[in-house]
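J.: This is a predicted model, with the sequence first.
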Amino acid sequence: MKTFAWLLKREYWEHRGGFLWTPVWISVAILILTLMGIVTTEVFRVQGHVQMGISLDRIHADMSESDIVGAGQALDYAQLVLTAIPAIALFFVLFFYLLGALYDDRRDRSVLFWKSLPISDTATVLSKTVTAMLVAPLIALAVATAGYLALLALITLWTALHGVNALPVIAAAHPLGMAWRLLLTVPVDALWALPCIGWLLFWSSSVRSKPFLWAVLVPVVAITLNAWFGAMGLPHIDGSTMAANAGGRLLLGIAPGAAWHAQGLGRGIPGDDAMQQLAPSHVLGTLATPELWIGVLVGAALIGGAIWFRRWRDDS
Amino acid sequence: MSAVIKASGLSKRYGKTIALDGASFEIEPGRIVGLIGPNGAGKTTALKAILGLTAFDGELSVLGMDPRKHRHELMQQVCFIADVAVLPRWMRVAEAIDFVGAVHPRFDRAKCERFLARTKVQMRQRIKELSKGMIVQLHLAVVMAIDARLLVLDEPTLGLDILYRKNFYQSLLEDYFDEQKTILVTTHQVEEIEHILTDLMFIRDGRIVLDADMDTVGERFAEVMVNAERADSARALNPLDERQVFGKAIFLFDGVERARLEALGEVRRPSVADLFVATMKGTYA
């Protein structure tokens, strides 16, 4: 257990730039852009008496109960967006992390150092799996949540400058409820992503060179051949099923929120109610679908293959 | 004590190339064994088999374990440096030491820091900022701080200058080796490790062609410097090798009686390098 914790730490050390600094800089950039927007508004207001949107003073006077509820929903939605933007970056970070995880050290031969330590290949591969499933997404979520808190502080300060108390609006939002719902998506997404994680690790572990090409070309060729079989009237898999599984699950499965999106959960709920869209019953509902568990089995098999190659691949 | 390594009929092929062709040998504890062979003779493959890094045919027991099945347990007792400067370049020195300390039950951190204090390696540095020689010093410091029963070194000093090379083997001998430990080393710089070896193994075309301790090597092999007029009688004794130096002929004999050789000329102990060249004649032909 202690060794495994150190293996996770090792992954974090090596990929601090992708796992920590990427979401940090993205969140900081969003906050700076927000601040620039606020400053622009203020400058225009002072210089030319140009009114951007509604005057804060009037909000102060006219805000009704339902307006406050609406503003709270808007804040919830902002929290979702603030989490989603670093999550998009996380997809790219994880994609290349997984492709390199069992390949880069073979290329620079440092695998000969790692293999000289009393660590089983199973533990090594699983540490990379858990890093992609949980460690990196949790770090990204923690950073995004901190960014959202900073945004709330910024808004509170700004409105306070105009004598408006933002606290009722913040009280109408659900920062904790949203944080909890976003946290729930992490393990569900992790299970949903398992075939993709396994697929990328498998190629990372097995090929002599160019894991990216193998990982991407194999599904593309499979989809193309399948479509051609279809066009020729030969037995084939339905085109959209093929694309969803070969392309969507194997290559894009690590996209945060992929599980939630693929299941069409939250559809039919107004787009501005993030709390409803991310309701735990929706998020956890994915766990009741066979698609998720079939994917877990496929992912486990691929990870098993990656472990086997890690143990026996002999590069020289 | 029983053998540290027992190999019989080790075989391995890469496609059509035969890397190991039924190699058999035993290594006793408390020895420093040099495994010497020309390029492509199977040295690295033999070491990889011992370290469980490759699949092979035949029987092999390392510290009583089969490296194919018990690699993970074996690595608690076996250390190796395969190739030069393979420490991960992104790591900091302190991180590497923290990590090994955390995952290796037999690692002595204080010892490692003591070895490092003698070098210019700094804890804060990243490994990619170190020179090749310093990376090897760091790796050696880490490995020497691990109380392993078997240390395997595969060309550990290739491409380093002579100061680092001498320093490497000197540290190994002075600060690491004792009768509980066994070191198995391959290198092309035979003359530099000759004086630290207790045993010598020559490998050629995947087979062990010489396996003897250094005392036996001294008794079995002799080099004689012979004047031209006696050269024919020397040739009659079936020398392994003959070369000419300053008008005299130097013959290398295997297992010929001392007295008969002394009658021919001045008898010397051959260097391992000369022995190697004589034994490997025709390898690349």
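T.: Now that the structure is in, tell me what you want to look at. Residues are numbered from 1 along each chain as shown, chains lettered A, B, ... in the order given.
J.: So which bits of the longest helix anywhere in chain A are buried?
T.: In chain A, with assignment by DSSP state H, the single longest helix is helix A:65-101. Buried residues in helix A:65-101, defined by neighbour count with 16 or more other CB atoms under 10 Å in any protein chain shown: A:71-73, A:75-80, A:82-83, A:85-87, A:89-91, A:93-95, A:97-101. Every C-beta, even on glycine, is put in place using the N, C-alpha and C of the backbone.
J.: got it, and stretch B:209-225?
T.: Neighbour-count burial for stretch B:209-225 flags B:210, B:211, B:214, B:217, B:221, B:222, B:223, B:224, B:225 (criterion: 16+ other CB under 10 Å).
J.: For the stretch 1-150 of chain A, which segments count as strands?
T.: Listed in chain order, the strands of the stretch 1-150 of chain A (DSSP state E, counting those that start in this stretch) amount to none at all.
J.: Please list the residues of it that sit near chain B.
T.: With the criterion set to CB under 8 Å from any CB of the partner chain, the stretch 1-150 of chain A comes near chain B through A:2-3, A:6-7, A:9-10, A:13-14, A:105, A:108-121.
J.: now with 10 Å?
T.: Listed as neighbours of chain B in the stretch 1-150 of chain A under the rule CB under 10 Å from any CB of the partner chain: A:2-7, A:9-10, A:13-17, A:104-105, A:108-123.
J.: Residue in the stretch 151-300 of chain A with the shortest distance to chain B?
T.: Among the residues of the stretch 151-300 of chain A, residue A:208 lies closest to chain B, at 13.1 Å counting by CB to the nearest CB.
J.: tell me the SS of that residue?
T.: What DSSP: H, G, I helix; E, B strand; the rest coil gives for residue A:208 is coil.
J.: Please report phi then psi for it.
T.: phi -80, psi -40 (degrees, to the nearest 10).
J.: Give me the neighbour count for it.
T.: Using other CB atoms under 10 Å in any protein chain shown, residue A:208 has 10 neighbouring residues.
J.: and it, what is it in contact with?
T.: Shown in contact with residue A:208 (CB atoms under 10 Å, 6 or more residues apart in numbering or on different chains): A:103, A:106, A:107, A:313, A:315.
J.: Assess the claim that the fourth one and residue A:105 are in contact.
T.: Spelled out, it's residue A:313. No. In this structure, residue A:313 is not within contact of residue A:105 by CB atoms under 10 Å, at 11.6 Å.
J.: Show me whatever sits in contact with both of those two.
T.: Overlap of the contact sets of residue A:313 and residue A:105 (by CB under 10 Å, 6+ apart) consists of residue A:111.
J.: how about the closest residue to residue B:84 other than its chain neighbours, secondary structure?
T.: With sequence-adjacent residues excluded and distances taken as CB to CB, 6 or more residues apart in numbering or on different chains, residue B:84 is closest to residue B:158, at 5.0 Å. Assigned by three-state DSSP, the conformation of residue B:158 is coil.
J.: isn't residue B:158 right up against residue B:168?
T.: No. Contact between residue B:158 and residue B:168 fails when scored by CB under 10 Å: they sit 11.1 Å apart.
J.: how about the strands in the stretch 151-285 of chain B?
T.: In the stretch 151-285 of chain B, the segments counted as strands under DSSP E, counting those that start in this stretch are B:182-186, B:199-204, B:207-213, B:221-226, B:241-245, B:248-254, B:265-268.
J.: how much space between residue B:127 and residue B:85?
T.: Using CB to CB, to the nearest Å, residue B:127 is found at 9 Å from residue B:85.
J.: between those two, what contacts are shared?
T.: Listed contacts common to residue B:127 and residue B:85 are A:110, A:113, B:134, B:135, B:138, B:139; contacts here mean CB under 10 Å, 6+ apart.
J.: ok, so of the residues you listed, who is nearest residue B:282?
T.: residue B:139 (36.4 Å; CB to CB).
J.: What's the local residue count around residue A:258?
T.: Residues contacting residue A:258 under the criterion other CB under 10 Å number 21.
J.: show me the contacts for it.
T.: A:91, A:185, A:188, A:189, A:192, A:193, A:196, A:248, A:249, A:252, A:286.
J.: Go again with 6 Å.
T.: By CB atoms under 6 Å, 6 or more residues apart in numbering or on different chains, residue A:258 lies in contact with residue A:192.
J.: low-confidence ranges in the stretch 1-150 of chain B?
T.: Where the stretch 1-150 of chain B drops to pLDDT under 70, the residues are B:1.
J.: What separates the first and last residues of stretch B:185-199, distance-wise?
T.: Chord length of stretch B:185-199, first to last residue, is 10 Å (CA to CA, to the nearest Å).
J.: What lies in contact with it?
T.: Contacts to stretch B:185-199, defined as CB under 6 Å, 6+ apart, come from residues B:31-36, B:43, B:153-155, B:165, B:169, B:173, B:213-214, B:272-273, B:276.
J.: got it, and stretch B:138-151?
T.: Contacts with stretch B:138-151, where a contact means CB under 6 Å, 6+ apart, come from B:4, B:77-79, B:81, B:87, B:100, B:104, B:106-108, B:111-112, B:115-116, B:121, B:175-176, B:182-183.
J.: Relative to chain A, how far out is the residue of chain B most remote from its centre?
T.: Centroid-distance maximum for chain B: residue B:229 at 39.8 Å, with CA atoms, centre = their mean. As for residue B:229, its distance to chain A is 52 Å (criterion: CB to the nearest CB, to the nearest Å).
J.: again, but for residue B:184
T.: Note on residue B:184: its distance to chain A, by CB to the nearest CB, is 14 Å.
J.: So in terms of bridging, what pairs with that residue?
T.: Bridge pairing for residue B:184 (DSSP bridges) gives the partners residue B:33, residue B:152.
J.: For it, the count of nearby residues, please.
T.: The burial count assigned to residue B:184 is 25, neighbours taken as other CB under 10 Å.
J.: where's it relative to residue A:290, distance?
T.: Here residue B:184 is placed at a distance of 54 Å from residue A:290 (CB to CB).
J.: burial of residue B:277, as a residue count?
T.: Residue B:277: 18 neighbours (other CB under 10 Å).
J.: Which residue is the nearest non-sequential neighbour of it?
T.: In this structure, residue B:277 finds its nearest non-sequential neighbour in residue B:241, 7.3 Å apart by CB to CB, 6+ apart.
J.: didn't that neighbour look like it was pressed against residue B:253?
T.: No. Look at residue B:241 against residue B:253 with CB atoms under 6 Å: they stay out of range, at 9.0 Å.
J.: higher neighbour count, the two?
T.: Neighbour count, other CB under 10 Å: between residue B:241 and residue B:253, residue B:253 has more, with 24 against 17.
J.: export stretch B:97-116 as PDB, just CAs?
T.: Only the C-alpha atoms of stretch B:97-116 are listed here, as PDB (Å, rounded to 0.1, in the frame of the first residue of the first chain):
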ATOM      1  CA  ILE B  97      16.400   9.000  -3.300                       C
ATOM      2  CA  ASP B  98      13.100   9.500  -1.600                       C
ATOM      3  CA  PHE B  99      11.400   7.100  -4.000                       C
ATOM      4  CA  VAL B 100      14.000   4.300  -3.700                       C
ATOM      5  CA  GLY B 101      14.000   4.800   0.000                       C
ATOM      6  CA  ALA B 102      10.300   4.400   0.100                       C
ATOM      7  CA  VAL B 103       9.900   1.400  -2.100                       C
ATOM      8  CA  HIS B 104      13.100  -0.600  -1.300                       C
ATOM      9  CA  PRO B 105      13.200  -2.300   2.100                       C
ATOM     10  CA  ARG B 106      17.000  -2.700   2.000                       C
ATOM     11  CA  PHE B 107      17.900   0.800   1.100                       C
ATOM     12  CA  ASP B 108      20.100   2.800   3.600                       C
ATOM     13  CA  ARG B 109      19.500   6.500   3.000                       C
ATOM     14  CA  ALA B 110      22.300   7.700   5.300                       C
ATOM     15  CA  LYS B 111      24.800   5.500   3.400                       C
ATOM     16  CA  CYS B 112      23.600   6.900   0.100                       C
ATOM     17  CA  GLU B 113      23.900  10.500   1.200                       C
ATOM     18  CA  ARG B 114      27.400   9.700   2.500                       C
ATOM     19  CA  PHE B 115      28.500   8.400  -0.900                       C
ATOM     20  CA  LEU B 116      26.900  11.400  -2.700                       C
END
